[in-house]
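Student: Fold the following.
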Amino acid sequence: MKETIFDIEGQGPGTRHSLKCVEFGRHADTPLVYIQGGLHADEAPGIIVAHALCETLAELEAADAIFGCVRVVPVANPVGLSQFSLGQQEGRFDLYDGRNFNRHYPDFGPKLSARLSNRLGTDASANTAVIRAELMALVEEWHVVTPSDNVRKCLMKLAIDADYVLDLHCDGEAEVHLYTQPHFARIFSSLATRLHARAVLLAEISGLNPFDEALVRPWLDLARALPDENIPLGCASTTVELRGRSDVDRRRARSDAEAIVEFLRDLGVVKGSAAQAPAKLCEPTPLAGSEAVISPSAGVVSYALDLGHHVRAGDVIAEIIDPLSGTVTAVKAQTSGVFYARADSRIAERGKRLGKIAGNDVFRNGPLLSP
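Tutor: Okay, the predicted model is just below:
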């Protein structure tokens, strides 16, 4: 086990942050798997699962049971973790500039294509090494100023050469669900099944360049820009939403960590035969077919359905009660699918996102994620 601490200068004089990365296995060997928790620092499930995963990986490493390298960052956002306002943590947005910590990563695709024109050959393995070296150079050249961008750069340096990336998050209240690109639906099918996911949402470009997508997009752009070259997709990434914010306990964390380890066995990263996977609970659906259920008015929210429920267009998802006038407004689904996430607050402002439904029919375009 190798621990590395990265020092990050804070926003004000005399302030600093630190970021810890723990590596298991052999750094020089492949494949490399990168896993992080808490990029949205107010989402504790990913943090505690990453911690539990480190405990298990330490045991596996002691038994010489890890092929390649597994790199874990248990707390990926020390800046967000330090932000408190009136007793409440704000770990999703940077209070300095308002930016979402899981958006605004650099798009290296255009520069990468320009730099590698006429430099690649027919050997996919050799091309992968050249591409990764150039991506690392681009990360190193990225000029950053703010602490949050410094964190972004540090995380990119740790993940840019990974074969597989798992970014652990959670929603307000939710069933387990995954976001990934269509190319990787098969690769992460085992992970989704082992975590009992109720939705797997696919999009090649979801908008605003979140962390997992920023690692994959350069490979996709390069393959399109240089169609005659043998360019593999060198990084498969996914965002894993581990239920809701309050779904935090050590028993559940150990179970989720073990599911991830079994997925690593499926990949051949951890030695031994993987346990039999449970029954699959869902098939992938397009992120562009996921409906964000919006509150048309302000009031108190009363949900009519439990999470995991299969709804039909027209079903009532929630009711908004105006406690002053007594008016009750029914909020109905506009699409059919699985009701997989909902807000953890029961006070609704006009326009509030009340929930999400994973549908099969594409009806959205443009940015597919919330800002």
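
Student: residue ranges of the helices in the stretch 201-350 of the chain, please?
Tutor: 211-225, 250-267 (DSSP state H, counting those that start in this stretch).

Student: Figure out which of the ones you listed is closest to residue 59.
Tutor: helix 250-267 (10.0 Å; CB to CB). Just so you know, the C-beta spots here come from the backbone N, C-alpha and C atoms, and that holds for glycine as well.

Student: Could I get the buried residue list for that closest one?
Tutor: Neighbour-count burial for helix 250-267 flags 252-254, 256-257, 259-267 (criterion: 16 or more other CB atoms under 10 Å).

Student: circling back to that earlier point, format the helices of the stretch 201-350 of the chain as a markdown table; extra columns: distance to residue 86 and mean pLDDT.
Tutor: Below are those laid out as a markdown table (distance: least, CB to CB, whole Å; pLDDT from 0 to 100):
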| stretch | distance to residue 86 | mean pLDDT |
| --- | --- | --- |
| helix 211-225 | 28 | 96 |
| helix 250-267 | 29 | 98 |
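
Student: Report pLDDT for residue 30.
Tutor: Listed pLDDT for residue 30 reads 83.

Student: The one 4 residues further on now?
Tutor: What the model reports as pLDDT for residue 34 is 98.

Student: ok, for it, nearest residue in space, not its chain neighbours?
Tutor: Leaving aside its sequence neighbours, residue 34 sits nearest to residue 162 (CB to CB, 6 or more residues apart in numbering; 3.9 Å).

Student: Give me the three-state assignment for the one you found.
Tutor: coil (DSSP: H, G, I helix; E, B strand; the rest coil).

Student: on that earlier part again, distance to residue 289 for the helices of the stretch 201-350 of the chain - can I get that in a markdown table?
Tutor: Putting the helices of the stretch 201-350 of the chain into a markdown table (distance: least, CB to CB, whole Å) gives the following:
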| stretch | distance to residue 289 |
| --- | --- |
| helix 211-225 | 18 |
| helix 250-267 | 25 |
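
Student: Looking at those helices, which is nearest to residue 352?
Tutor: Each of the helices of the stretch 201-350 of the chain has some distance to residue 352 by CB to CB; the shortest is helix 211-225, at 25.5 Å.

Student: Which one of the helices of the stretch 201-350 of the chain lies nearest to residue 70?
Tutor: Comparing the helices of the stretch 201-350 of the chain under CB to CB, the one sitting nearest is helix 250-267, at 7.0 Å.

Student: Relative to residue 223, how far out is the residue nearest to residue 31 when sequence neighbours are not counted?
Tutor: Nearest non-adjacent residue to residue 31, counting by CB to CB, 6+ apart: residue 163, 3.9 Å away. Distance of residue 163 to residue 223, given as CB to CB, to the nearest Å: 17 Å.

Student: of the two, who's got more company?
Tutor: residue 163 (19 against 15; other CB atoms under 10 Å).

Student: Give me the most central residue, the chain.
Tutor: Nearest residue to the geometric centre of the chain (CA atoms, centre = their mean): residue 239, 2.3 Å.

Student: Contact partners for that residue?
Tutor: Residues near residue 239 by CB atoms under 8 Å, 6 or more residues apart in numbering: 167, 169, 178, 179, 180, 210, 211, 212.

Student: What degree of burial does the fifth one show, as a neighbour count?
Tutor: Residue 180 is flanked by 28 other residues according to other CB under 10 Å.

Student: Bridge partners for the closest residue to it other than its chain neighbours, pull those for me.
Tutor: Nearest non-adjacent residue to residue 180, counting by CB to CB, 6+ apart: residue 238, 4.1 Å away. Residue 238 has these beta-bridge partners by DSSP bridges: residue 166, residue 180.

Student: Quick one: closest of the helices of the stretch 201-350 of the chain to residue 66.
Tutor: Across the helices of the stretch 201-350 of the chain, closest to residue 66 is helix 250-267 (CB to CB), at 8.3 Å.

Student: May I have the phi/psi pair for residue 148?
Tutor: For residue 148, the backbone dihedrals (degrees, to the nearest 10) come out as phi -70, psi -40.

Student: Sorry, slip of the keys, the one I care about is residue 4.
Tutor: Dihedral pair for residue 4: phi -130, psi 130, per degrees, to the nearest 10.

Student: Contact partners for the residue nearest to residue 9 when sequence neighbours are not counted?
Tutor: Excluding the flanking residues, the one nearest residue 9 by CB to CB, 6+ apart is residue 16, at 6.0 Å. Neighbouring residues of residue 16 by CB under 8 Å, 6+ apart: 7, 8, 9, 10.

Student: ditto for residue 165
Tutor: 33, 34, 35, 159, 212, 215, 235, 236, 237, 238.

Student: Please tell me how far it sits from residue 317.
Tutor: 33 Å.

Student: before we move on, what about residue 130?
Tutor: 50 Å.

Student: Which of these two has more residues huddled nearby?
Tutor: residue 317 (22 against 15).
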